[in-house]
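>>> my questions concern the predicted model and sequence given below.
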There are 2 protein chains.
Amino acid sequence: MARYRRSNPLALAVLAQLWERPQHPYEVATTLRERHKDTSVKLNYGSLYTVVDSLEQHGFIEALEARREGGRPERTVYGLTEDGREELYSWLRDLIGQPVKEYPRFEAGVSLIGIIEPDEVVVLLRRRAELLRQEIDALGGTTEMLMEMGLPALSWIELSYRTAITRAELEWVEQLVTAIENDAIDGIEQWREWHSGDAPPGSIVSEKFSKKK
Amino acid sequence: MARYRRSNPLALAVLAQLWERPQHPYEVATTLRERHKDTSVKLNYGSLYTVVDSLEQHGFIEALEARREGGRPERTVYGLTEDGREELYSWLRDLIGQPVKEYPRFEAGVSLIGIIEPDEVVVLLRRRAELLRQEIDALGGTTEMLMEMGLPALSWIELSYRTAITRAELEWVEQLVTAIENDAIDGIEQWREWHSGDAPPGSIVSEKFSKKK
DNA sequence: GTCCATATATCCGGAAGCGAGTAACCCATG
DNA sequence: CATGGGTTACTCGCTTCCGGATATATGGAC
């Protein structure tokens, strides 16, 4: 049997659900929705069943019963195996104990930001900042709601994380806007030149990099 | 022709490279490596050629020549089309102007953190914090190196972003460690109970959520 | 009693992703 | 001049992902 690759975090969420009690896939999905876990783990039905099959093939979960109630589609209830429990713990420990390189879309965008002219970048970043502020507000709202429902902080701790990271991004964006506006960025002259004249795009960076060798 | 889905940021990086000048895929890859862009955009050869094919099919790039030098494998040089240039700008504007929901692995881990017992979580978070500190140091080192090479700040601006975000995560982690150690988290009593006794795992959270309905 | 929207539960086929493999060249070393 | 390790430039085939499609049941409106 091929080694398990731990690619899709949805598989982790499935293990976590079955750790509480046996369930059928659709039930797992609705529970995750109910608990807002689908904001931390990408959930879509297409992937769900692929992931469940894969977990079964690796012996982490097993079909307990395939019951047909009324004329509804048959539903298969899965339970966690001992191997599955161990995989759950081990995976979770890894996830928490060791940072892994991620590739957020915005970072990709930032790394190519020179392709857009500075003045437009400022406009775009302002828009982003505004949307980030809205997001932070929304996160605060959700947090309050859950608090009023009497849920322990532990059950929505990921909201606190998300808020902290979003705040940091907002600050960085605001700071960059200021820097561009005040021409306080090294290389801004060339940046403006590329876009105002007929200099071949990106040539300066290319040359500088070539020198390196 | 199916609408282009902008799924893989590697496609954006390819467009950006061809925007400077026509190149063959392998050359694109090495240039991205040389400029450290492969830390912001996931690059592997398997995906590279899939992505290039897809871009060609959508008319964003076109094959200019397929030259065979010596007995080496044939290499196809691609150039950006007008549509491709527009797609590049439009995609980049979107990426910078609008935040999109992302699903970092750590957030998934955090959302399920209750499955691990509090004392072990502290150990794990300490380890993570240490590794994050090392990462921040490494980022600083790279930045200095590039600065000494005389490259304008604009060309490694993504390092500044990554540093800011990593710092924020580190602060959050450190703060959580302190909170757990001082029992300053709402719900920590239940958390400790689940793991010290025979209470059915996760039951409290489940019940509370069920109440909601 | 029947119509329609919504909920339940899963399946499917095409698209995308990815690591390992291939095959020729290049250059240094003994 | 044989050998072997690195570089160049892809190619292949297996997995995974994911957006609909499907098929039935339930419940309320009229």
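Thanks, I have the structure now.
>>> packing partners for the top helix by length along chain A?
Here the longest helix in chain A is taken by residue count, with DSSP state H as the criterion, and it is helix A:118-148. For helix A:118-148, the elements it packs on are helix A:157-181, helix A:188-196, helix B:82-97, judged by 3 or more CB pairs under 8 Å, 6 or more residues apart in numbering or on different chains; DSSP states H and E. Heads up, the C-betas are built off the backbone N, CA and C, glycines and all.
>>> if we go to 6 Å?
Helix A:118-148 sits against helix A:157-181, helix B:82-97, with contacts defined as 3 or more CB pairs under 6 Å, 6 or more residues apart in numbering or on different chains; DSSP states H and E.
>>> chain center to that helix, what's the gap?
Using CA atoms, centre = their mean, to the nearest Å, the distance from the centre of helix A:118-148 to the centre of the chain it belongs to is 16 Å.
>>> also stretch A:11-31?
Stretch A:11-31 sits 20 Å away from the centroid of its parent chain (CA atoms, centre = their mean).
>>> buried stuff in it?
Buried residues in stretch A:11-31, counted by 16 or more other CB atoms under 10 Å in any protein chain shown: A:11-25, A:28-29, A:31.
>>> which ones among the residues you listed lie within helices?
Using DSSP H to define helices, the subset of the buried residues of stretch A:11-31 located there is A:11-20, A:25, A:28-29, A:31.
>>> can I get these in JSON lines with pLDDT and distance to DNA strand C?
Conversion of those to JSON lines gives the following (pLDDT from 0 to 100; distance: CB to the nearest atom of the strand, whole Å):
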{"residue": "A:11", "pLDDT": "97", "distance to DNA strand C": "15"}
{"residue": "A:12", "pLDDT": "98", "distance to DNA strand C": "17"}
{"residue": "A:13", "pLDDT": "97", "distance to DNA strand C": "15"}
{"residue": "A:14", "pLDDT": "97", "distance to DNA strand C": "12"}
{"residue": "A:15", "pLDDT": "97", "distance to DNA strand C": "16"}
{"residue": "A:16", "pLDDT": "97", "distance to DNA strand C": "17"}
{"residue": "A:17", "pLDDT": "96", "distance to DNA strand C": "13"}
{"residue": "A:18", "pLDDT": "96", "distance to DNA strand C": "13"}
{"residue": "A:19", "pLDDT": "95", "distance to DNA strand C": "18"}
{"residue": "A:20", "pLDDT": "93", "distance to DNA strand C": "17"}
{"residue": "A:25", "pLDDT": "94", "distance to DNA strand C": "4"}
{"residue": "A:28", "pLDDT": "95", "distance to DNA strand C": "8"}
{"residue": "A:29", "pLDDT": "95", "distance to DNA strand C": "7"}
{"residue": "A:31", "pLDDT": "94", "distance to DNA strand C": "11"}
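>>> can I get the residues you listed in JSON lines including distance to DNA strand D?
Formatted as JSON lines, those follow (distance: CB to the nearest atom of the strand, whole Å):
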{"residue": "A:11", "distance to DNA strand D": "7"}
{"residue": "A:12", "distance to DNA strand D": "11"}
{"residue": "A:13", "distance to DNA strand D": "12"}
{"residue": "A:14", "distance to DNA strand D": "11"}
{"residue": "A:15", "distance to DNA strand D": "14"}
{"residue": "A:16", "distance to DNA strand D": "16"}
{"residue": "A:17", "distance to DNA strand D": "16"}
{"residue": "A:18", "distance to DNA strand D": "17"}
{"residue": "A:19", "distance to DNA strand D": "20"}
{"residue": "A:20", "distance to DNA strand D": "22"}
{"residue": "A:25", "distance to DNA strand D": "12"}
{"residue": "A:28", "distance to DNA strand D": "15"}
{"residue": "A:29", "distance to DNA strand D": "11"}
{"residue": "A:31", "distance to DNA strand D": "18"}
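>>> near chain B, from those residues?
When these are checked against chain B using CB under 6 Å from any CB of the partner chain, the ones in range are A:16, A:20.
>>> for the residue lying closest to residue A:4 once chain neighbours are set aside, grab the count of nearby residues.
The shortest distance from residue A:4 to any residue that is not its chain neighbour, by CB to CB, 6 or more residues apart in numbering or on different chains, is 4.9 Å, and that residue is residue A:58. For residue A:58, the neighbour count with other CB atoms under 10 Å in any protein chain shown is 18.
>>> can you name the residue of chain A nearest DNA strand C?
When you check chain A against DNA strand C by CB to the nearest atom of the strand, the closest residue turns out to be residue A:75, at 3.1 Å.
>>> for residue A:76, pull up the helix or strand it's in.
Secondary structure assignment for residue A:76, by DSSP states H and E: strand A:75-80.
>>> outline the domain layout of chain A.
The record's domain parsing of chain A by automatic domain parsing lists A:9-97, A:105-201.
>>> can you put the ones you listed in TSV and add distance to residue B:150?
Compiled in TSV, these are given as follows (distance: least, CB to CB, whole Å):
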stretch	distance to residue B:150
domain A:9-97	39
domain A:105-201	10
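>>> do you know which of those domains lies nearest residue B:50?
Residue B:50 sits nearest to domain A:105-201 of all the domains of chain A, at 17.5 Å, using CB to CB.
>>> same question for the closest one, mean pLDDT?
The pLDDT scores in domain A:105-201 average 93.
>>> equivalent analysis for stretch A:49-58, please.
95.
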